[in-house]
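Asker: here is a sequence with its predicted model. Questions after.
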Amino acid sequence: HPVMDKILVTGGAGFIGSHFVRRLLAAPDITTVTVLDSLTYAGHRENLGEAFLSPKLAFVQGDICDAALVDTLVAHHDAVVHFAAESHVDRSFFAAGCFLATNITGTHTLLDAATRHHVTKFVHVSTDEVYGPLATGRADEDAPLRPTVPYAASKAAADLIALSYHRTFDLPVCITRSSNNYGPRQHPEKIIPLFVTRLLQGENVTVHGRGQHIRNWLHVDDNCHGIELVLRTGEPGCVYNLGGGTDLTGLELTGRILAACGAAADRIEYVPDRPSNDLRYAMDCTRATALGYRPQRDFDQGLTETVAWYRNHPERWAPLLHAEQPTTPAGACRV
Ligand code: NAD
C-alpha cells in the first residue's frame, strides 16, 4: 500500500470533513492530520471540538486557492483528501463566482502542488449531482456528466480536471461521488438540519413543489468509511460512487423528520419549486462495494441521533441561522 502517514485534509472544519478527520485520528497508522480550511460561513473550529486534543491534529486557516500556502503544506504530507468546497446548491444560483473559484481553481491549485510533490494519493470528494437527473436506472461511474446547477457544474469541472491530472501527469487521483449526507454538525442551511431546527423552534417547514424529488440519504459515517477505503485501496485514476443509502422523496423525508421531531403534518407548507430541481438522482455502487464499501447506518436511527444532536446543541446552530445569504429573489429558494 502507498505511504500515507501524513494526510492533508482540506475543508476539515466543515460537515463531512470534520467527521473524516476524527476517523483518521483514530487510525493507528496515521501520524499527522493537517486541516487546511479558510473557515467560510460553513466552516467552524468547533466542528473539530475534542479532536483538537489529539497531538496528531494540526489546523491551518487558509484558502485552497493560495498557491504558495498549498505548495508548502502539500510538500509536508504524503496524501491529500480534498473536501473544501462551496457546497450549497441554492447559494450557487446567486454567487456562482465563489463556486467556480473554490471548487475549480482551488482544486486545480491542490492538484498542481500534489503533482509537484508526488503525493501517494489524492482523493477528490465529489457528488452524485454531477450526473444530473435520471428518470430511470442508475448512474455508474462511466455515465455522462450532465450537471444542471452551477454547484454541480463546478464539481463536474473539478472532477474532469482531477482525472486529467491522472492521465497527463500520472497523479494518483481517486474521486468519490457520494449521495446526500446527513448527520450531526451539518450547517443549518441544508434541508435536514434546516427542517429540524425550524421544528425545534416551533416554526413550519416548507416543501418545494409537490415534494416528489427523490434523493438518496447516506449517513456521513458511511460516506467517510467509503472515502477511507478509497484513500487506502482505491485504484489511481478511478471514480467511486458512494451511495446505497435510503431513497426518499422530499415529502417522505419531511414525514420522517416530522416523526423524529415529534411534530404533526400540519407543520408543512408548500412553496413553488426551486430552479432546476432535479427529479431523481441514483447511482450504481458496484465498484466501491468491491473495495468493501457497505453502508451500515439505518436511516431512522441515524436521523433520531441527528435530531438529538441539534436538540442538545442549540448554541452550535442558533447563531448560524442568520448567516449571510446571497441575494435571493423573493420566494425563490430557501432550502
Ligand atoms: P461544508 O460546506 O460543510 O464544508 C466545506 C468546508 O470547506 C468548510 O469548512 C469551508 O470553510 C471550507 N472551504 C470552503 N471554501 C474554502 C477555500 N477556498 N479554502 C479552504 N477551505 C474552504 O461541506 P460538506 O457538506 O462537508 O461537503 C464537503 C465536500 O463533500 C464538498 O466537496 C462537497 O461538494 C462534497 N459533497 C457533499 C455532500 C453533502 O451531502 N453534504 C454530498 C456529496 C458530496
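Answerer: In hand now; what should we look at?

Asker: the closest residue to the ligand within the stretch 201-335 of the chain: helix or strand, and which one exactly?
Answerer: Relative to the ligand, the nearest point of the stretch 201-335 of the chain is N223 (7.3 Å; C-beta to the nearest ligand atom). Every residue, glycine included, has its C-beta placed from N, CA and C. Following DSSP states H and E, the helix or strand that holds N223 is helix 220-233.

Asker: got a list of contacts for that helix?
Answerer: The contact list for helix 220-233, computed with C-beta atoms under 8 Å, 6 or more residues apart in numbering, reads 1, 4, 7, 15-16, 19-20, 23-24, 27, 79, 81, 121, 123, 125, 174, 176, 178, 181-184, 186, 240, 242, 244-245, 288, 291-293, 295-297.

Asker: and what of stretch 63-78?
Answerer: 2-8, 10, 32, 34, 36, 38, 60, 62, 80, 82, 84, 101-102, 105-107, 109-110, 112-114, 116-117, 119-121.

Asker: which ones among the residues you listed map onto helices?
Answerer: Using DSSP state H, T107, T109, L110, D112, A113, A114, R116 are the members of those that sit in helices.

Asker: is the helix or strand bottoming out on mean pLDDT in the chain positioned near the ligand?
Answerer: Ranked by mean pLDDT, DSSP states H and E, the helix or strand of the chain with the weakest confidence is helix 89-94, at a mean of 90. No. Helix 89-94 lies apart from the ligand when judged by C-beta under 6 Å from any ligand atom; the minimum separation is 9.6 Å.

Asker: likewise for stretch 36-54?
Answerer: Yes. Using C-beta under 6 Å from any ligand atom, stretch 36-54 reaches the ligand at D37, S38, L39, T40, A42, G43.

Asker: just the mean pLDDT for that stretch, thanks.
Answerer: For stretch 36-54, mean pLDDT rounds to 97.

Asker: over to stretch 282-296?
Answerer: Stretch 282-296 shows a mean pLDDT of 97.

Asker: report the backbone C-alpha coordinates of it in PDB.
Answerer: Output of stretch 282-296 as PDB, limited to C-alpha atoms (Å, rounded to 0.1, in the frame of the first residue of the first chain):
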ATOM      1  CA  ALA A 282     -29.500   7.400  -8.400                       C
ATOM      2  CA  MET A 283     -26.100   5.600  -8.500                       C
ATOM      3  CA  ASP A 284     -24.700   2.100  -9.000                       C
ATOM      4  CA  CYS A 285     -22.100   1.500  -6.400                       C
ATOM      5  CA  THR A 286     -20.700  -1.900  -7.500                       C
ATOM      6  CA  ARG A 287     -17.200  -0.600  -7.800                       C
ATOM      7  CA  ALA A 288     -17.000   0.700  -4.200                       C
ATOM      8  CA  THR A 289     -18.700  -2.500  -3.000                       C
ATOM      9  CA  ALA A 290     -15.700  -4.400  -4.400                       C
ATOM     10  CA  LEU A 291     -13.400  -2.400  -2.000                       C
ATOM     11  CA  GLY A 292     -15.600  -3.400   0.900                       C
ATOM     12  CA  TYR A 293     -18.000  -0.400   1.000                       C
ATOM     13  CA  ARG A 294     -21.300  -1.300   2.700                       C
ATOM     14  CA  PRO A 295     -23.500   1.500   4.100                       C
ATOM     15  CA  GLN A 296     -24.300   0.300   7.700                       C
END
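
Asker: measure how buried the residue of the stretch 201-335 of the chain closest to the ligand is and give me the count.
Answerer: N223 has 26 neighbours, counted by other C-beta atoms under 10 Å.

Asker: for it, which non-adjacent residue is closest in space?
Answerer: Spatially, and ignoring its direct neighbours in sequence, N223 is nearest to S178 (4.6 Å; C-beta to C-beta, 6 or more residues apart in numbering).

Asker: ok, the one you found to the ligand distance?
Answerer: As judged by C-beta to the nearest ligand atom, to the nearest Å, S178 and the ligand stand 4 Å apart.

Asker: and the angle for the lengthiest helix in the chain with helix 107-116?
Answerer: If each helix of the chain is counted by residues according to DSSP H, the longest one is helix 150-169. Interaxial angle of helix 150-169 relative to helix 107-116 (axes from the mean of the first three to the mean of the last three C-alpha atoms, to 10 degrees): 20 degrees.
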